[in-house]
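Q: coords below, sequence missing:
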């Protein structure tokens, strides 16, 4: 066990509390059917703060359990390499993309292992969302490009959610709305959703809601038909039927939208928690009760065999097509919508987490972190 074989934990009831503990999966002997992954690098975004904020409600703490009372491990998306295996079909040296702890290692129990990857069938992950238990082999992953590796870890899980949100809206005819309002419009999931909506031949106008500090950035994206700062919500025409897509999770902001548009708010969708300190329920709000969007449920619906769904390959191909267009738009923009910044070591991870928790950071910047030395 080296000093670098560590795992980062946060307080389950107070996200400001953090600690480092020895990584439990770094050196323990493998049982038959298990494999050990060495985590190379992972993305850290506001989406991970959402995982922590909804850790109890959505069972995110259960993916990588800890024995430290009151603390949990925040899941991240990134890349890892198999270093040891006692499972047929999983060989050392295989490189994977998937759901990981903020640490250096992960022991998995591969199921249905093959050239395209495997699912982790560890008992503590049984019953959790299947989409989070999948590990894709980079060599066979249709979305993987070595030159876009950082962008994949930063954006792929968020963009998949964006794609599914748009699909959910389109399949419900946008609930009859003639305007879509997206809060936290500078967030990656929000502008990915705006991009996906913009691919449709027929759609309502998309309005991005953001802070004054991010106004210029959101306007520069070109994904939104209109961009407003939060203080200007009351300038919206209350007679226009609207859908509110809440990526911020701010209770005061949600109340402001509901009170201004109560009579014509067709649907209120709770998605993220970037304003995690202002999270709250929808009790007592005028208009429709906010409904939580859970991306794995929509993915499962669409992955069902036809005619109910598209089948798993059909869903995969549609996401891949949309992803290719998104990456082209992102990288060819001047300046690019997102640049990747690397960080190494425990201090870099701690500082990045605290900055995101405080709502700081440049929206044009994405963080890829590693605990091992560069």
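A: Great, that's in hand. Predicted, not measured: the structure shown is a model, and the values here were computed from it.
Q: Spit out the contact partners of the residue nearest to residue 13 when sequence neighbours are not counted.
A: What sits nearest to residue 13 in space, not counting adjacent residues and going by C-beta to C-beta, 6 or more residues apart in numbering, is residue 70, at 6.8 Å. To be clear about C-beta, it is placed using only N, CA and C from the backbone, and glycine gets the same treatment. Going by C-beta atoms under 8 Å, 6 or more residues apart in numbering, residue 70 touches 11-13, 17.
Q: Of these, which is the nearest to residue 163?
A: Taking C-beta to C-beta as the measure, residue 163 sits nearest to residue 12 out of these, at 30.3 Å.
Q: By neighbour count, which of the contacts of residue 70 wins?
A: residue 12 (17 neighbours; other C-beta atoms under 10 Å).
Q: Ramachandran coordinates for it?
A: Main-chain torsions, residue 12, degrees, to the nearest 10: phi -70, psi -30.
Q: measure it to residue 125 for me?
A: Here residue 12 is placed at a distance of 18 Å from residue 125 (C-beta to C-beta, to the nearest Å).
Q: Kindly report the same for residue 6.
A: For residue 6, the distance to residue 125 equals 22 Å [C-beta to C-beta].
Q: what does residue 71 give?
A: 19 Å.
Q: Please apply the same query to residue 166.
A: Per C-beta to C-beta, residue 166 is found 28 Å from residue 125.
Q: more crowded one of those two?
A: More neighbours surround residue 166 than the other of residue 166 and residue 125, with 24 against 21 (other C-beta under 10 Å).
Q: Next one: that one relative to residue 243, how far apart?
A: For residue 166 relative to residue 243 (C-beta to C-beta), the value is 12 Å.
Q: Could you pull up the mean pLDDT of stretch 303-322?
A: Here stretch 303-322 scores 93 as its mean pLDDT.
Q: Not counting that stretch itself, show me its contacts.
A: Applying C-beta under 8 Å, 6+ apart, the contact partners of stretch 303-322 are 142-143, 159-160, 163, 196, 199, 299, 301-302.
Q: and the gap between the closest residue to residue 101 other than its chain neighbours and residue 225?
A: Take residue 101 and drop its neighbours on the chain: the residue closest to it by C-beta to C-beta, 6+ apart is residue 64, 4.0 Å away. Separation of residue 64 from residue 225 (C-beta to C-beta): 40 Å.
Q: out of the two, which sits in the busier spot?
A: Just comparing residue 64 and residue 225: by other C-beta under 10 Å the higher neighbour count belongs to residue 64, 24 against 16.
Q: As a check, name the ranges of all helices in this structure.
A: For the chain, applying DSSP state H gives helices covering 46-53, 149-171, 188-198, 215-221, 251-261, 295-303, 312-332, 346-357.
Q: Of those, which shows the lowest average pLDDT?
A: Mean pLDDT per stretch puts helix 46-53 lowest among the helices of the chain, at a mean of 86.
Q: between it and helix 346-357, how big is the angle?
A: Helix 46-53 and helix 346-357 are oriented at 80 degrees to each other (axes from the mean of the first three to the mean of the last three C-alpha atoms, to 10 degrees).
Q: and helix 46-53, how far out from the chain's middle?
A: Its chain's average C-alpha position is 8 Å from that of helix 46-53, according to C-alpha atoms, centre = their mean, to the nearest Å.
Q: same thing with stretch 94-104?
A: Mean-position distance between stretch 94-104 and its chain equals 15 Å (C-alpha atoms, centre = their mean).
Q: go on, stretch 15-33?
A: 23 Å.
Q: Stretch 92-105 now?
A: 17 Å.
Q: Would you mark the buried spots in that stretch?
A: For stretch 92-105, burial by neighbour count (16 or more other C-beta atoms under 10 Å) applies to 94-105.
Q: tally of neighbours for residue 202?
A: The number of residues packed near residue 202 is 6, by other C-beta under 10 Å.
Q: Just name the shakiest helix or strand of the protein by mean pLDDT.
A: Ranked by mean pLDDT, DSSP states H and E, the weakest helix or strand in the chain is helix 46-53, scoring a mean of 86.
Q: That helix versus helix 188-198: what angle between them?
A: Using the same axes, to 10 degrees: helix 46-53 against helix 188-198 is 120 degrees.
Q: for the record, mean pLDDT for stretch 129-145?
A: Mean pLDDT, computed over stretch 129-145, is 91.
Q: so how far does it reach from one end to the other?
A: In stretch 129-145, first residue to last residue: 26 Å (C-alpha to C-alpha, to the nearest Å).
Q: So residue 204 sits against residue 180, correct?
A: Yes: at 5.2 Å, residue 204 counts as touching residue 180 under the criterion of C-beta atoms under 8 Å.
Q: Show me which of these two is the more surrounded one.
A: residue 180 (27 against 21).
Q: Can you read off the pLDDT for that one?
A: The per-residue pLDDT reported for residue 180 equals 98.
Q: what do you get for residue 280?
A: If you check residue 280, the pLDDT there is 51.
Q: Surely residue 182 and residue 245 touch.
A: Yes: counting by C-beta under 8 Å, residue 182 does reach residue 245; the two are 4.8 Å apart.
Q: Overlap in contacts, the two.
A: Counting by C-beta under 8 Å, 6+ apart, the residues touching both residue 182 and residue 245 are 190, 193.
Q: what's the closest non-adjacent residue to residue 361?
A: Excluding the flanking residues, the one nearest residue 361 by C-beta to C-beta, 6+ apart is residue 355, at 5.4 Å.
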